[in-house]
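Asks: What follows is a predicted structure for the sequence shown.
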Amino acid sequence: MASVLKIRRLATAEVKAAVALWWVTDLLKPWNDPQADAERALATPTSTILAGLLNDQLVATAMVGSDGHRGWVYYLAVSPGHQRCGFGSQMMAACEAWIEDLGIPKIQLMVRAENRATARFYRRIGYEVGEFIFLSKRLGQDEAED
Ligand SMILES: CC(C)(COP(=O)(O)OP(=O)(O)OC[C@H]1O[C@@H](n2cnc3c(N)ncnc32)[C@H](O)[C@@H]1OP(=O)(O)O)[C@@H](O)C(=O)NCCC(=O)NCCS
């Protein structure tokens with residue numbers, strides 16, 4: 001039977017460990033500032049980072065937040081040695097509950113186009129691919145991408 005993660009808010013003191021997990025799961029690009037991202041998410045009332053712990057060890061994270069209309073998830077990560085054990089699903093269920101508690105009826109996320117395996121994971125747990133054109137604009141910086 002699959003183990004059950006203990007899921008709670010990430011403590012500020014655990015941000016470094018979370019960032020290390022994001023590096024090892026290949027979620028970061030050189031132009032990201034994950035430390036600042038994490039601190040901002042933890043300091044904002046409409047967002048948080050959930051930590052998944054197994055025997056007191058951080059093995060999973062997910063950043064979840066509301067923009068007032070929809071729920072969004074970023075930085076879903078399960079440590080490589082603990083993948084395919086149901087932990088990603090448990091983290092997403094916790095994100096869904098967090099968003100539902102705000103009375104928001106829909107949760108969504110972006111997956112990089114080349115990350116097809118992860119898209120399969122999301123589809124497996126009930127997420128549908130939407131037909132949207134994704135537009136974005138980098139604010140206040142000249143060289144950054146993403
Ligand atoms: C994506 C990720 C979070 C999945 O976590 P996980 O703990 O391995 O997923 P689970 O064990 O909960 O899997 C749930 C279901 O999805 C399936 N699944 C998981 N990874 C899959 C993959 N790469 N390809 C196809 N199916 C996959 C599982 O087999 C399982 O199906 P089942 O219910 O039939 O057994 C994990 O692989 C990861 O951290 N990847 C690197 C970081 C990343 O890409 N994050 C997402 C950013 S958008």
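Replies: Structure received.
Asks: what does the chain put close to the ligand?
Replies: 25, 27, 76-78, 83-89, 109, 111, 115, 117-118, 120-121, 124-125 (CB under 6 Å from any ligand atom). Bear in mind the C-beta positions are built from the backbone N, C-alpha and C, glycine included.
Asks: now those residues: which count as buried?
Replies: 25, 27, 76-78, 85-88, 109, 111, 118, 121 (16 or more other CB atoms under 10 Å).
Asks: burial measure for Y122, as a count.
Replies: If you count neighbours by other CB atoms under 10 Å, Y122 ends up with 18.
Asks: wait, what's in contact with the residue in the chain positioned nearest to the ligand?
Replies: The ligand sits closest to G88 of the chain, with a gap of 2.3 Å, by CB to the nearest ligand atom. For G88, the contacting residues are 60, 76, 78, 121, 125, by CB atoms under 8 Å, 6 or more residues apart in numbering.
Asks: Let's have the residues you listed in JSON lines, adding pLDDT and secondary structure.
Replies: Shown next, in JSON lines, are the contacts of G88 (pLDDT from 0 to 100; DSSP: H, G, I helix; E, B strand; the rest coil):
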{"residue": "A60", "pLDDT": "98", "secondary structure": "strand"}
{"residue": "L76", "pLDDT": "98", "secondary structure": "strand"}
{"residue": "V78", "pLDDT": "98", "secondary structure": "strand"}
{"residue": "F121", "pLDDT": "98", "secondary structure": "helix"}
{"residue": "I125", "pLDDT": "98", "secondary structure": "coil"}
